[in-house]
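In: here you go, sequence then predicted model.
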Amino acid sequence: MKVEIKILTNSCCDNLLKFSKDESIKERYGLSNYPKECLLELKTPTKYFIDEDLVLSPKAEDDLENSISIFKQLKNLDRVQANDRRLWVALTHGRFFRYTKERWNPSKYSNDAILRRFHYEGSGLETRMRNSISRLWWAAKVTYDNNRTDPFELTKLLWSKQDLIQNILERSFGTNRNVVIGILETYRDNPGISEDNLRVLYTGLNAVGGVKILSFLTVDEIKSELARIALFNNINLEPG
């Protein structure tokens, strides 16, 4: 059975942010469930539904499975809806409060950690990759490809190495699908490449973006640029 997700009001989201200055609000994060009476929801139907029995595993090694599950449940979100803090804050303080606590253990982290994992604040790409639920959805969103035998092939590659998550989806080119595919397919063909060499490729591609419009390049052209960067830096890559 699917249940509708209710999103919070903006004023509620603002009030929840007062945890860093109000100890009584911060203490709520130590509870088993966030008090429902403190979560003011919009009455307007959202048409966002999640299976009632969906459970996310708090183990880091299960991020991939969680990512696929959340994306399948909310597959039809558009990019505007997927950047609505009211949705993600509702999920981290409501349905997935326990998951977020167990996955990130905020009791042992700073106010900044609670801000990043439970809230959705900021203007950069890091924002969507910090919130404990939005990060799962976005990772699948930018890699899902229904034209592949396995639509989640790239999603699995992305989650296979934490460095890929951080250096692809938190950079400006992380919004460009062809760039993401080009990097992941290059990694797929060169699974032994070190994290240091991967960072050289990311940095080099950023530099290319200063003289070329990356969004105009095809996947093959992105892979060719990566090959040239590798050659210049004496990094051995298998031919694509």
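Out: Perfect, thanks for sending it.
In: make it CA atoms for all contacts and neighbour counts henceforth
Out: OK.
In: tell me which element residue 44 is part of?
Out: Assigned by DSSP states H and E, residue 44 falls within no helix or strand.
In: just give the number of residues close to it.
Out: Neighbourhood size, residue 44 [other C-alpha atoms under 10 Å]: 8.
In: just residue 77 next, same as before
Out: When neighbours are counted by other C-alpha under 10 Å, residue 77 registers 15.
In: this structure: strands as residue ranges?
Out: Here the chain has its strands, by DSSP state E, at 2-4, 49-51.
In: pull out the buried residues from the first one.
Out: Burial within strand 2-4, assessed by neighbour count using 16 or more other C-alpha atoms under 10 Å, is assigned to no residue.
In: ok, back up a step: now the strands of the chain as a markdown table including mean pLDDT and distance to residue 235?
Out: As requested, the strands of the chain are exported to a markdown table (pLDDT from 0 to 100; distance: least, C-alpha to C-alpha, whole Å):
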| stretch | mean pLDDT | distance to residue 235 |
| --- | --- | --- |
| strand 2-4 | 92 | 50 |
| strand 49-51 | 94 | 45 |
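In: how's the chain carved up into domains?
Out: In the domain annotation for the chain, the residue ranges read 1-141, 145-240 (automatic domain parsing).
In: any residues touching the helix or strand bottoming out on mean pLDDT in the chain, and which ones?
Out: Counting by mean pLDDT, DSSP states H and E, the chain has its least confident helix or strand at helix 162-169, which shows a mean of 85. For helix 162-169, the external contacting residues (C-alpha atoms under 8 Å, 6 or more residues apart in numbering) are 125-126, 129, 139, 158-159, 174-175, 180, 195, 199, 202.
In: the same query, at a cut-off of 6 Å, please.
Out: For helix 162-169, the surrounding residues in contact (C-alpha atoms under 6 Å, 6 or more residues apart in numbering) are 158, 174.
In: got the buried residues for it?
Out: Residues of helix 162-169 classed as buried under the neighbour-count rule (16+ other C-alpha under 10 Å) are 164-165, 167-169.
In: who are the contact partners of residue 209?
Out: When contacts are taken as C-alpha under 6 Å, 6+ apart, residue 209 is in contact with no other residue.
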